[in-house]
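**Student:** this is the structure alone, sequence omitted:
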């Protein structure tokens, strides 16, 4: 499992670095608070699509992809503005989840 977490960290680090370069090269500097609000707005738009689908309304499947991409972009921008190493944070969180999963399996519980 450790190689999985390391590969995940390295991949996210690479993607995050590319987002940081792109943001810095082509857009004005923004505060972490701005990007946090943007992230929540984009997540809200994705949630609204899901709500429409859940209510039985027709939703273009491409809209889900578009909004999910917006959420990821906003998360990357927020993490960069806040100085969060997202690869490290995700890798550490996955290790905690996996440890908990293994403990629960030993106790005969489902995660």
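**Tutor:** Ah, there it is. Since this is a predicted model, take the numbers as computed values, not measurements. Numbers count the residues shown, from 1 in each chain.
**Student:** assess the claim that residue 45 and residue 69 are in contact.
**Tutor:** No. The criterion here is CB atoms under 8 Å, and residue 45 misses it with residue 69 at 11.3 Å. (Glycine included, C-beta is placed from N, CA and C.)
**Student:** list the contacts of stretch 27-34.
**Tutor:** Outside stretch 27-34, the residues that touch it by CB atoms under 8 Å, 6 or more residues apart in numbering are 77-78, 81-82.
**Student:** check those for burial and list the buried ones.
**Tutor:** Buried by 16 or more other CB atoms under 10 Å: 77-78, 81, out of these.
**Student:** any stretches of this structure with poor pLDDT?
**Tutor:** Filtered on pLDDT under 70, the chain yields the residue ranges 1.
**Student:** which helix in it has the most residues?
**Tutor:** If you go by DSSP state H, the chain has its longest helix at helix 2-26.
**Student:** about what we covered before: possible to save the contacts of stretch 27-34 as CSV with distance to residue 100?
**Tutor:** Formatted as CSV, the contacts of stretch 27-34 follow (distance: CB to CB, whole Å):
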residue, distance to residue 100
77, 30
78, 26
81, 30
82, 26
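**Student:** so which of the residues you listed are in helices?
**Tutor:** Among the contacts of stretch 27-34, the residues falling in helices (DSSP H) are 77-78, 81-82.
**Student:** for the residues you listed, which one is nearest residue 92?
**Tutor:** Distance ranking of the ones in helices among the contacts of stretch 27-34 against residue 92, using CB to CB, places residue 82 first at 16.1 Å.
**Student:** ok, that closest one - contacts?
**Tutor:** Residue 82 makes contacts with 32, 35, as judged by CB under 8 Å, 6+ apart.
**Student:** give me the distance between it and residue 25.
**Tutor:** Noted for residue 82: a distance of 19 Å to residue 25, by CB to CB, to the nearest Å.
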